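S.K.: my questions concern the predicted model and sequence given below.
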Amino acid sequence: MKIEKIGKWSFIAGVALAIIAGFFTIPFIYTILAILGLVVGFLNIRTRDSIKYLISVLTLLVISSALLQTLSVGGASYALFDSFLGNTIVFLGASGIVVAIKEVVMIGTEKI
């Protein structure tokens, strides 16, 4: 299997798992989502797309965090949405960290 396909399937699996884990209790879900996010960051995001990806991830993380804070006062009726947002933050955060580090290293070594 090509590396690009592994990255694409990791992204699809991460999004699907984040949604499914909102409905069910899955042990070590944050660890699994973080590992999938790292795989996506390493294998799926090309250099030319890294700035667009980082802006998108940053936007989604800020909006998700704000929604989590807003919904935390809602009580048990928002638990499903709260779980989904938490899973999404872990998955996107892990992939965003990898892409950001790759970008910083590339900028730092550009003039060498």
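M.R.: Sure, I can see it.
S.K.: count the neighbours of the closest residue to Leu71 other than its chain neighbours for me.
M.R.: Leaving aside its sequence neighbours, Leu71 sits nearest to Tyr78 (CB to CB, 6 or more residues apart in numbering; 4.3 Å). To be clear about C-beta, it is placed using only N, CA and C from the backbone, and glycine gets the same treatment. Residues contacting Tyr78 under the criterion other CB atoms under 10 Å number 16.
S.K.: ok, so what distance separates Tyr78 from Glu110?
M.R.: Counting by CB to CB, to the nearest Å, the separation of Tyr78 from Glu110 is 45 Å.
S.K.: got it, and Arg48?
M.R.: Taken as CB to CB, the span from Arg48 to Glu110 is 15 Å.
S.K.: ok, now Val62?
M.R.: 28 Å.
S.K.: Ile101 sits in which helix or strand?
M.R.: helix 79-108 (DSSP states H and E).
S.K.: so what's Val99 up against?
M.R.: Gly41, Ile45, Ser50, Tyr53, Leu54, Val57 (CB atoms under 8 Å, 6 or more residues apart in numbering).
S.K.: wait, the third one touches Lys102, no?
M.R.: Yes: under the criterion of CB atoms under 8 Å, Ser50 is in contact with Lys102, at a separation of 6.7 Å.
S.K.: re earlier: now do the residue nearest to Leu71, the pLDDT please.
M.R.: On pLDDT, Tyr78 comes in at 73.
S.K.: so which residues of the protein form helices?
M.R.: For the chain, applying DSSP state H gives helices covering 3-23, 29-43, 50-71, 79-108.
S.K.: most packed of these?
M.R.: helix 29-43 (a mean of 20; mean count of other CB atoms under 10 Å).
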